[in-house]
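# quick one, what's the 3D model for this:
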Amino acid sequence: MNPFARNTMLRALLAASALSTAFPALAADRVALVIGNSAYETQNQLSNPVNDAADVAAMLRGLGFEVVEAANVDRRGFDRKIREFRDKLQDSQVALLYYAGHGMQVDGRNFLIPVDARIEKAGDVDLDAIDLNVIMVQMRAEGRVNIFILDACRDNPF
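The predicted structure follows:
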């Protein structure tokens, strides 16, 4: 992980640590979705995201988070993990998303890229990528603190 990304991640984890002491409750009160994608089928492969996500998941568990974790997920796997995460959020006070891998921003919308995505045209983004807003909607709740950490470029090749 490059020094800038490591410093950014450490700051975010310090914030999560501060929140975990502000909400000293059961692990179910703090839930995280941690995904690292490295082994892309049609995009450039990345060397660090899976390892970074594993490190973040371990740190979050140490802070008392219940962690839904996945590595190298395809589109269907991404959907399953989002549902699993959503199902654990019911009574949580803190929800955290950490994603490392390819990302993209198109028309002000952020997308996370599954390892099986085949994005050749602008229209493929909506079909093959995960809109971050979909996850944000699942995380909405009165009084919940939501933390989003995206360790991804968000270039728009179109």
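# CA atoms for contacts and neighbours, from now on please.
Will do.
# mind listing what residue 97 touches?
32, 33, 34, 147, 148, 149, 150 (CA atoms under 8 Å, 6 or more residues apart in numbering).
# and with 10 Å instead?
With contact set as CA atoms under 10 Å, 6 or more residues apart in numbering, residue 97 has these partners: 31-35, 67-68, 85, 135-136, 139, 146-150.
# the residue nearest to residue 70 when sequence neighbours are not counted: what secondary structure?
Closest residue to residue 70 apart from its sequence neighbours, by CA to CA, 6 or more residues apart in numbering: residue 35 at 4.9 Å. Secondary structure, DSSP: H, G, I helix; E, B strand; the rest coil: residue 35 is strand.
# one step back: ok, of the contacts of residue 97, which one's closest to residue 116?
Ranked by distance to residue 116 (CA to CA), these are led by residue 35 at 14.5 Å.
# buried subset of the contacts of residue 97?
Neighbour-count burial (16 or more other CA atoms under 10 Å) applied to these gives 31-35, 67-68, 85, 135, 139, 146-147, 150.
# among the contacts of residue 97, name the ones in helices.
When the contacts of residue 97 are checked against helices (DSSP state H), the matches are 85, 135, 136, 139.
# grab the nearest non-local neighbour of the second one.
Spelled out, that is residue 135. Nearest residue to residue 135 in three dimensions, chain neighbours excluded: residue 82, at 6.8 Å (CA to CA, 6+ apart).
# any idea how far residue 132 is from the residue nearest to residue 144 when sequence neighbours are not counted?
Distances taken as CA to CA, 6+ apart put residue 93 closest to residue 144, at 4.7 Å, once the chain neighbours are dropped. Plainly put, residue 93 is 20 Å away from residue 132 if you go by CA to CA, to the nearest Å.
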